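# Need a 3D model of the following:
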Amino acid sequence: MARVKRGVTAHAKHKKVYKAAKGFRGRRKNTIRAAKAAVDKAAQYAFVGRKLKKRTFRALWIQRLNAAVRPFGLTYSRFIDGLAKSGVVVDRKVLSDLAIHEPAAFQAIAEKAKAALAA
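Predicted coordinates:
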């Protein structure tokens, strides 16, 4: 059986790691052992970051909604309760966007929620 030299395969694998490590500092960018560890760790941070981003944005939308409903005499929790009681099914992302870009539409929703709380 013929002998297989693996230089080409190893070079291709290393090249992939080096490409991912581009921009890293020190040996982490040009030594395969350090680069591989750094790239693996970066992938772990990226995975966690994608999950955290969802939480962070939800918190931002909630803060914006809380600030937007205060002039109507409501708090965030009372506003959400009013929406649930009035049967309005709109998520926080869309509500936050409405509060910023369509104040008249948001005011109508806020009034509807307030009316549902009073009833």
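# List the contacts of stretch 96-107.
By Cβ atoms under 8 Å, 6 or more residues apart in numbering, the surrounding residues in contact with stretch 96-107 are 60, 61, 64, 65, 68, 72, 90, 95, 109. The C-beta positions use only the backbone N, C-alpha and C, and glycine is treated the same way.
# Not counting sequence-adjacent ones, nearest residue to the first one?
When the adjacent residues along the chain are set aside, residue 60 lies closest to residue 96, with 7.6 Å between them (Cβ to Cβ, 6 or more residues apart in numbering).
# swap in the third one?
What sits nearest to residue 64 in space, not counting adjacent residues and going by Cβ to Cβ, 6+ apart, is residue 96, at 4.5 Å.
# So for whichever strand or helix holds the one you found, what gets flagged as buried?
Secondary-structure assignment from DSSP states H and E places residue 96 in helix 92-101. Residues of helix 92-101 classed as buried: 92, 95, 96, 98, 99 (neighbour count, 16 or more other Cβ atoms under 10 Å).
# same question, stretch 80-91
Neighbour counts using 16+ other Cβ under 10 Å place 80, 82, 83, 86 of stretch 80-91 among the buried residues.
# ok, of those residues, which one's closest to residue 114?
When the buried residues of stretch 80-91 are ranked by distance to residue 114 (Cβ to Cβ), residue 82 comes first, at 6.0 Å.
# List the contacts of the nearest residue to the closest one once chain neighbours are set aside.
If you skip the residues right next to it in sequence, residue 82 has residue 113 as its closest partner in space, 3.0 Å away by Cβ to Cβ, 6+ apart. Each residue near residue 113 by Cβ under 8 Å, 6+ apart is listed here: 74, 78, 79, 81, 82, 83, 85, 86, 88.
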